[in-house]
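1. sequence plus predicted model, see below.
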Amino acid sequence: MSENSPRLDLPYIQAAQAQKHITHNEAIERLDALTQLVVSEFDASGPPGVPINGETFALGASPTGAWASHPNEIAFWTGSGWLFIAPQTGWQACRASDQDLRIWDGANWMAAIPSIETAEMLGVNTTADTTNRLSVSSQATLLNNAGGGHQLKINKSGSTETASLLFQSGWTGHAEMGLAGDINFSLKVSPNGGGWYSAFQVDPVNQSIEFSPAGVTTVKATSSVLQVDAMITGDAVQSSSVDTTAGKLMPVGAFGLGAPGAYLADIDVTDNSIAPGLYNLNSLTTGAPRSTGQQHLLHSRRSSGGGETQLAMVEDDGSLFIRTRASGAWQGWQQVASSDHYTGDMTNSETAPIFERGTSASGDYTRLADGTQFCWHEVPLSYIWARELYGIWNFPASFISPAKVFCSVEFYSLLTNATPDVDAISTATVEGASATSAQFRLMRAAGQTDFVSSDTANVSVLAFGRWK
């Protein structure tokens, strides 16, 4: 039978052994040293000056003094001397000062629980590996502050490496944000984990931001330029071509710019409900300058409180009209003169030209917008008796009252077509002037040569008055 136990090397009491209590006490002493092993120091190099009874040390590889020649052993102060015990692989010891628990691996006292600060891998509720050295399987992960702020830092060795957060579904990557292969912050996405494109990128060197929803840049912003290569919709854009909400973007066609303007049913309103812009009018529009045809309207306003102007153009003939409103009702339309507006039919209230010019077999006439009318002609006179030539003139345009008429003899026609000499003529007179006609007489002087039946002469005539 062996004299010592195999594990703790406790001495056995032998048969017929004298002084058995010595062997027994030695075993008790070893048990006291090794059971619930607590040491004052690991890798101790020299004994304390005044050891405490029961104090225990785990010696280092080169102890000195009373511990010399006992490298890596356990030194236990019995009260009268040092008891040395060689540790066996797997034994555990705890340091009293900081509860550092270690295990003897046959050569060194190793930490029973490796320090997290130096752990090569850590798995929380899962297994870590050489790629994912920190692995957590949990419903959530909390990184809390310690009284101030909190930063999560991801560092890479060089600009061409990757430092990012990868988001997966069923272990297939669909989104990644961070520094992917450069120093630009980007958000990359993939529909299948294979084809990736950058949907968002911030370039710190060029100080620009790019949005690329389909892999092609549609919005790029720098400190001085905002470039948009896509249609803009939503609440930031006018909801209709006449939306007057402040701060909204105007699309093509807003207030008639770049596209046909909206039709207005009533332009006589005085509640500032018509926003400044370009519009269309027709024969059903209340307040339009013309009661027929298509018309275009430019509406402007000086301020939110009033001061409005409308300029209308008739599509058929290009006539222009203008009116204003300082407050209250609109003033009447005033037609703006144009080359096509100089002449026309004065009786047409829609066109209202500046003047009307006409001609017929009865002569020529001009009517002015203020009501003045002129008629002129060359009237032939014929023989009625020996002392007189006579003629009547029907005006080419009627007056509203008897006109003022003047005449003068065309002496060349008198010289060539009448028997009496010029000196034999007494006078040419106007008689019976009315609103539609006038009569003329050319008399020879008394005692002069008579007219004969074949004689004629012309008189130049002018009539003026009012046509309205």
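-> Perfect, I can see it now. Numbering: from 1, shown residues only.
2. where in the chain is pLDDT low?
-> Residue ranges of the chain with pLDDT under 70: 1-18, 20-27, 32-33, 114-115, 337-344, 346, 348-352.
3. domain parsing for it?
-> Here the domain parsing of the chain from automatic domain parsing is 36-111, 162-234, 254-340, 357-466.
4. can you give the distance of the second one from its chain's centre?
-> In other words, domain 162-234. Centroid separation for domain 162-234 versus its chain: 20 Å, with C-alpha atoms, centre = their mean, to the nearest Å.
5. quick one: closest of the domains of the chain to A128.
-> domain 162-234 (16.4 Å; C-beta to C-beta). From N, CA and C alone the C-beta is placed, and that goes for glycine too.
6. next up, the contacts around L298.
-> G277, L278, Q310, L311, A312 (C-beta atoms under 8 Å, 6 or more residues apart in numbering).
7. is the third one in a helix, a strand, or coil?
-> So the one you mean is Q310. Classification of Q310 by DSSP: H, G, I helix; E, B strand; the rest coil places it in strand.
8. and it, what is it in contact with?
-> I267, L297, L298, H299, S300, I322, R323, T324, W330.
9. try the first one
-> Shown in contact with G277 (C-beta under 8 Å, 6+ apart): V242, A254, F255, G256, L257, G261, L298, H299.
10. bridged to the last one, which residues?
-> Applying DSSP bridges to H299 yields these beta-bridge partners: G277, Q310.
11. I figured it was touching I274, is that so?
-> Yes. With contacts counted by C-beta atoms under 8 Å, H299 reaches I274, the gap being 5.3 Å.
12. which residue ranges form the strands in the stretch 101-250 of the chain?
-> Under the criterion DSSP state E, counting those that start in this stretch, strands of the stretch 101-250 of the chain are mapped to 109-111, 122-124, 134-136, 162-169, 172-180, 185-189, 197-203, 208-211, 219-221, 226-228.
13. dump those into JSON lines; add distance to A397 and mean neighbour count as well.
-> Converted to JSON lines, those look like this (distance: least, C-beta to C-beta, whole Å; neighbours: other C-beta atoms under 10 Å):
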{"stretch": "strand 109-111", "distance to A397": "125", "mean neighbour count": "15"}
{"stretch": "strand 122-124", "distance to A397": "109", "mean neighbour count": "12"}
{"stretch": "strand 134-136", "distance to A397": "105", "mean neighbour count": "13"}
{"stretch": "strand 162-169", "distance to A397": "91", "mean neighbour count": "12"}
{"stretch": "strand 172-180", "distance to A397": "87", "mean neighbour count": "16"}
{"stretch": "strand 185-189", "distance to A397": "83", "mean neighbour count": "19"}
{"stretch": "strand 197-203", "distance to A397": "79", "mean neighbour count": "16"}
{"stretch": "strand 208-211", "distance to A397": "74", "mean neighbour count": "17"}
{"stretch": "strand 219-221", "distance to A397": "70", "mean neighbour count": "16"}
{"stretch": "strand 226-228", "distance to A397": "65", "mean neighbour count": "11"}
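14. now render those as TSV, adding distance to R30.
-> As requested, the strands of the stretch 101-250 of the chain are exported to TSV (distance: least, C-beta to C-beta, whole Å):
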stretch	distance to R30
strand 109-111	19
strand 122-124	39
strand 134-136	44
strand 162-169	57
strand 172-180	60
strand 185-189	66
strand 197-203	70
strand 208-211	75
strand 219-221	79
strand 226-228	84
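15. ok, which of these comes nearest D423?
-> Nearest of the strands of the stretch 101-250 of the chain (C-beta to C-beta): strand 226-228, 94.5 Å.
16. helices and strands around the closest one, which ones?
-> strand 219-221 (3 or more C-beta pairs under 8 Å, 6 or more residues apart in numbering; DSSP states H and E).
17. which residues touch the strand it packs on?
-> Here strand 219-221 makes contact (C-beta under 8 Å, 6+ apart) with S208, I209, E210, F211, L226, Q227, V228, D229, A230.
18. which strands border that strand, and is each parallel or antiparallel?
-> Applying DSSP bridges, strand 219-221 is found paired with strand 208-211 (antiparallel), strand 226-228 (antiparallel).
19. which stretch among these comes nearest H377?
-> Closest among the strands paired with strand 219-221, once you apply C-beta to C-beta, is strand 226-228, at 72.2 Å.
20. contacts for the closest one?
-> Counting by C-beta under 8 Å, 6+ apart, T218, V219, K220, A221 sit against strand 226-228.
21. and of those, the nearest to D182?
-> Set against D182, the nearest of the contacts of strand 226-228 by C-beta to C-beta is K220 (17.0 Å).
22. please report how far the closest one lies from H150.
-> 33 Å (C-beta to C-beta, to the nearest Å).
23. output the longest strand belonging to the protein.
-> strand 372-385 (DSSP state E).
24. which non-adjacent residue is nearest K404?
-> F464 (5.5 Å; C-beta to C-beta, 6 or more residues apart in numbering).
25. again with T292
-> That would be S283: by C-beta to C-beta, 6+ apart, it lies 5.1 Å from T292.
26. contacting residues for the one you found?
-> S283 makes contact with R290, S291, T292, G293, according to C-beta under 8 Å, 6+ apart.
27. show the buried residues in these.
-> R290 (16 or more other C-beta atoms under 10 Å).
28. of the contacts of S283, which is the nearest to Q168?
-> Relative to Q168, and with distances defined as C-beta to C-beta, the nearest of these is G293, at 68.4 Å.
29. list just the nearest of the contacts of L298 to P380.
-> In terms of C-beta to C-beta, no member of the contacts of L298 lies closer to P380 than A312, at 49.4 Å.
30. other residues contacting stretch 396-411?
-> 358-360, 362-365, 367, 373, 375, 377-379, 395, 422, 425, 428, 430, 433-436, 438, 440, 442, 457-468.
31. please read the previous query as pertaining to stretch 192-205.
-> Here stretch 192-205 has contacts from 168, 172-174, 176, 183-190, 208-215, using C-beta under 8 Å, 6+ apart.
32. how about the contacts made by S304?
-> N272.
33. report the separation between it and Q295.
-> S304 is 26 Å from Q295, by C-beta to C-beta.
34. can you check Y263 too?
-> Distance from Y263 to Q295, by C-beta to C-beta: 10 Å.
35. what of G432?
-> 48 Å.
36. which of those two has more neighbours?
-> Q295 (22 against 11; other C-beta atoms under 10 Å).
37. now the more buried one: closest residue in space, sequence neighbours ignored.
-> Computed as C-beta to C-beta, 6+ apart, the closest residue to Q295 that is not its neighbour in sequence is L281, at 4.0 Å.
38. how about the contacts made by the one you found?
-> Contact analysis of L281 by C-beta under 8 Å, 6+ apart lists Y263, L264, I267, A288, Q294, Q295, H296, L297, A312.
39. thanks a lot, see you next time.
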